[in-house]
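> A structural model of the following input is requested.
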Amino acid sequence: MLTDAGALAAKSAELEAKEPREILAWALAEYAPRVAISTAFGVEGCALIDMAVAIDPSIAVFTVDTDFLFPETEELIGRLVDKYGIKLTKFKGSVDKSEQERRHGLALWGRDPDLCCALRKVEPTKRAVAGLDAWIAGLRRDQGKSRAGIAILERYDHDDGTPLVKVNPLARWTRNDTWAYVTKRGVPYNALLDRGYKSIGCWPCTAPVGEGADERAGRWAGSQKKECGIHTFMDRK
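This next block holds a predicted model:
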């Protein structure tokens, strides 16, 4: 099992020439059975699920239910589970929505979005990846400055110091590449993406944007915040 940071960097450079499905096939073979795909059911995650089940129909998939998902996201989850028969695990924050409101008041997202994300997203993600050797995500370099430098393979550590390899099979793909794949394959996607939304998270913090707007401009619109913390809470080695 490949976990050494130097060896991972070399392998990552080698995989730059490979298509996402080839990267997935390598990762699933290398890190089975302690490997899983994470998704918030954006178009990238839907594409990854379509690719992965063709390689391993039993691939583990996890998501974080923040209690603030759009109805359209919930509907998409049902469609994907029905279509692919995926083994989906949902994680929720250990502090539930009611307790969060008791401690911090209503609409925490509007007053302290970082804390809201930490409670609703980051904490359950930490539990979701605990025990994994590899975490597969749908990040792309062209999604914004915060993701421009991602590698296909990245080394992180769990809290106990054991290695966690993050795999980004779509790193080289563009938004157009992803949509071309989804359209060609007939992969289900969120209906909101046909209504002016480009990136979808929790309903209080996600808005539709103009045609020429940055892909993540509708996330925490009007603020400097661009990441919820799921992909930034660990330091890359």
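
> show me what contacts the residue minimising distance to the centre of the chain?
In the chain, the centroid-proximal residue (CA atoms, centre = their mean) is Thr39; its distance is 4.1 Å. For Thr39, the contacting residues are Gly45, Cys46, Leu48, Ile49, Val61, Phe62, Thr63, Gly138, by CB atoms under 8 Å, 6 or more residues apart in numbering. Every C-beta, even on glycine, is put in place using the N, C-alpha and C of the backbone.

> Which of the residues you listed fall within strands?
Val61, Phe62, Thr63 (DSSP state E).

> gap between the last one and Ala25?
So the one you mean is Thr63. 23 Å (CB to CB, to the nearest Å).

> Comparing the two, which shows the higher neighbour count?
Of the pair Thr63 and Ala25, Thr63 is the one with more neighbours under other CB atoms under 10 Å, namely 21 against 18.

> Kindly state the beta-bridge partners for that one.
Beta-bridge pairing for Thr63 (DSSP bridges): Lys90.

> What's the separation between the residue located most distally from the centre of the chain and Asp96?
Of all residues in the chain, Arg102 has its C-alpha farthest from the mean position, at 29.0 Å, by CA atoms, centre = their mean. Per CB to CB, Arg102 is found 10 Å from Asp96.

> Report the secondary structure state of the residue farthest from the centre of the chain.
Per DSSP: H, G, I helix; E, B strand; the rest coil, the secondary structure class of Arg102 is helix.

> who touches Leu119 in this structure?
By CB under 8 Å, 6+ apart, Leu119 lies in contact with Gly93, Val95, Gln100, Leu108.

> Which of those residues fall within helices?
Gln100, Leu108 (DSSP state H).

> Helix or strand for Cys116, just tell me which one.
Assigned by DSSP states H and E, Cys116 belongs to helix 113-117.

> Could you tell me which residues within that helix count as buried?
Pro113, Cys116, Cys117 (16 or more other CB atoms under 10 Å).

> Skip the chain neighbours and tell me the closest residue to the last one.
Leaving aside its sequence neighbours, Cys117 sits nearest to Cys228 (CB to CB, 6 or more residues apart in numbering; 4.2 Å).

> Among the contacts of Thr39, which pair sits farthest apart?
Cys46 and Phe62 (14.8 Å; CB to CB).

> Between these two, which has more neighbouring residues?
Cys46 (26 against 20).

> So the more buried one sits against Val187, correct?
Yes: in this structure, Cys46 is within contact of Val187 by CB atoms under 8 Å, at 5.1 Å.

> shared neighbours of the two, anything?
If you check Cys46 and Val187 against CB under 8 Å, 6+ apart, no residue is contacted by both.
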